[in-house]
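K.L.:
this is the structure alone, sequence omitted:
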C-alpha cells in the first residue's frame, strides 16, 4: 500500500449507509447498560461489518506509518503556512476524510471496543468524536504541532498550540472553520466560560439525510444510533451549558396556488425535545445557492403567503426552525430545509412544484 487514497469520494461513501440494513439486521442497537435490547428484537446487532475492518488491515500490512502521514501532509500543507493555517488544513482534511456515521462506527465486534488506530480509521472513513481525535492528534503530531486531547462533558475534543496559545481543533464537529472571536480561534477554557458561544457555528456533521437512518424496508434505525438533527443537544451542553436540544429540521412541502401570481409556501411542523416555542425563518431566493434573497420572514405557523415576482421562473426556498435558544446566543446556527418551485400558468403541462 502506497498511502492515503485522495481519490476517495465521501458522497459515495455516505451512500453505503443509506438503507443498508436488511431483514437480517436488527432495527435496534443496544449498548449495555444504557440501552438494553428490546423484547421483540429481530436480526443481529452489528455496529460495523468486521469484513471491512479485516480488509483494511490487510491493505495496511507493512505500511510505513511515518510515510503514510507525511504523504497526507505533503498534499494538504503548503510552504510558508503558519500554525493556524496548518491546523485548519488538517481539520478540514479530517472532516472530509471521516464520516460521522449515525448508525455505525468502527469497533471490534468481539469486544465492543472502538478502533483507535489513526491509519485504520482513515482507511475505513467512519468514526465518532473520540476516533476523530485519534486521527487529529496523529496528523498534528506528524506535522510537528503541539496538541492535546481534551475530555469535556459527554464529548472528547482536542486543542492545538500555536501563537503561544491553545486553540480548539474539533475536526469532526467544525472542520476547517473552528469557532473564533475577533479573528482568533478560541479554546476549551474560553468555551467552558462562555458555553453558548460555539452554538453560532455550523455542526453539519449532525444534519443527516433521513435516508441514511432507514433500513432496507423503510423502518427507522433506533437505539444507540444518532438520529436526525435535534436528537443531540447543542454543542454548548458539552461545554457545561444547560441541556437544550434544537428543533428538528422542518420538511418543505409543495406550495399551493392562491390567486393569480401568489403561492402559499408550506412545510411540516418541527418538534423540540422537552418542548418549547418554535418559529420558522423562511427565505426565498432567486439563486440555487440561496445567497440572493428576495424575501425573508420569521413566522409562528407552518405557511407563508408570497407573491411571485415573475411567472415561469424557479425560486429557491430555505426554512429553518428556530427556538428560544437565541436568547442565549442570538447568532445560533439552524440548518435549513430546502425547497424549490416554479409558478406556471394553470394550463401549462408538467409538474412545477406548485399545486
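P.N.:
Now that the structure is in, tell me what you want to look at. On a predicted model such as this, the values are computed, not experimentally measured, just so you know. Numbering: from 1, shown residues only.
K.L.:
hey, let's count contacts and neighbours off CA atoms from now on
P.N.:
Noted.
K.L.:
next up, phi/psi of the closest residue to residue 146 other than its chain neighbours, please.
P.N.:
Once flanking residues are discounted, residue 146 sits nearest to residue 161: 5.3 Å by C-alpha to C-alpha, 6 or more residues apart in numbering. Main-chain dihedrals, residue 161, degrees, to the nearest 10: phi -110, psi 120.
K.L.:
beta partners of residue 161?
P.N.:
Using DSSP bridges, the bridge partners assigned to residue 161 are residue 146, residue 166.
K.L.:
okay, strands next: where are they in the stretch 151-300 of the chain?
P.N.:
Listed in chain order, the strands of the stretch 151-300 of the chain (DSSP state E, counting those that start in this stretch) span 155-162, 165-168, 180-181, 184-185, 222-223, 251-257, 262-268, 278-285, 293-299.
K.L.:
and the second one, what's buried?
P.N.:
So that's strand 165-168. 166, 167, 168 (16 or more other C-alpha atoms under 10 Å).
K.L.:
show me which of the residues you listed is closest to residue 263.
P.N.:
residue 168 (45.6 Å; C-alpha to C-alpha).
K.L.:
so that closest one makes contact with residue 185?
P.N.:
Yes. Using C-alpha atoms under 8 Å, residue 168 makes contact with residue 185 at a distance of 6.6 Å.
K.L.:
identify the contacts common to the two.
P.N.:
178, 179 (C-alpha atoms under 8 Å, 6 or more residues apart in numbering).
K.L.:
could you measure from residue 177 over to residue 186?
P.N.:
As judged by C-alpha to C-alpha, to the nearest Å, residue 177 and residue 186 stand 11 Å apart.
K.L.:
those two: who's more crowded?
P.N.:
Legend: neighbour count by other C-alpha atoms under 10 Å for residue 177 and residue 186, higher for residue 186 (21 against 17).
K.L.:
got a list of what the more buried one touches?
P.N.:
Here residue 186 is in contact with 166, 167, 168, 178, 179, 180 (criterion: C-alpha under 8 Å, 6+ apart).
K.L.:
low-confidence bits of this protein, can you list those?
P.N.:
Along the chain, the model assigns pLDDT under 70 to residues 1, 109-110.
K.L.:
would you map the helices across it?
P.N.:
10-15, 50-59, 65-76, 83-97, 118-124, 129-142, 171-174, 188-193, 235-238 (DSSP state H).
K.L.:
give me the nearest residue to residue 170, chain neighbours excluded.
P.N.:
Nearest to residue 170 is residue 157, by C-alpha to C-alpha, 6+ apart, at 5.5 Å.
K.L.:
for stretch 140-151, the distance to its chain's centre please.
P.N.:
Averaging C-alpha positions (C-alpha atoms, centre = their mean, to the nearest Å) puts stretch 140-151 23 Å from its chain's average.
K.L.:
only the buried residues of it, if you could.
P.N.:
Buried-residue list, stretch 140-151, by 16+ other C-alpha under 10 Å: 140, 142, 143, 145, 147, 148, 149.
K.L.:
hmm, the fourth one is touching residue 160, no?
P.N.:
Yes. Counting by C-alpha under 8 Å, residue 145 sits close enough to residue 160 to count as a contact (6.7 Å).
K.L.:
just flag the most distant two among the buried residues of stretch 140-151.
P.N.:
Counting by C-alpha to C-alpha, the most remote pair of the buried residues of stretch 140-151 is 143 and 149, 16.2 Å apart.
K.L.:
that older thread, now the strands of the stretch 151-300 of the chain in a markdown table, with distance to residue 351?
P.N.:
Below are those laid out as a markdown table (distance: least, C-alpha to C-alpha, whole Å):
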| stretch | distance to residue 351 |
| --- | --- |
| strand 155-162 | 46 |
| strand 165-168 | 48 |
| strand 180-181 | 45 |
| strand 184-185 | 48 |
| strand 222-223 | 36 |
| strand 251-257 | 11 |
| strand 262-268 | 15 |
| strand 278-285 | 20 |
| strand 293-299 | 23 |
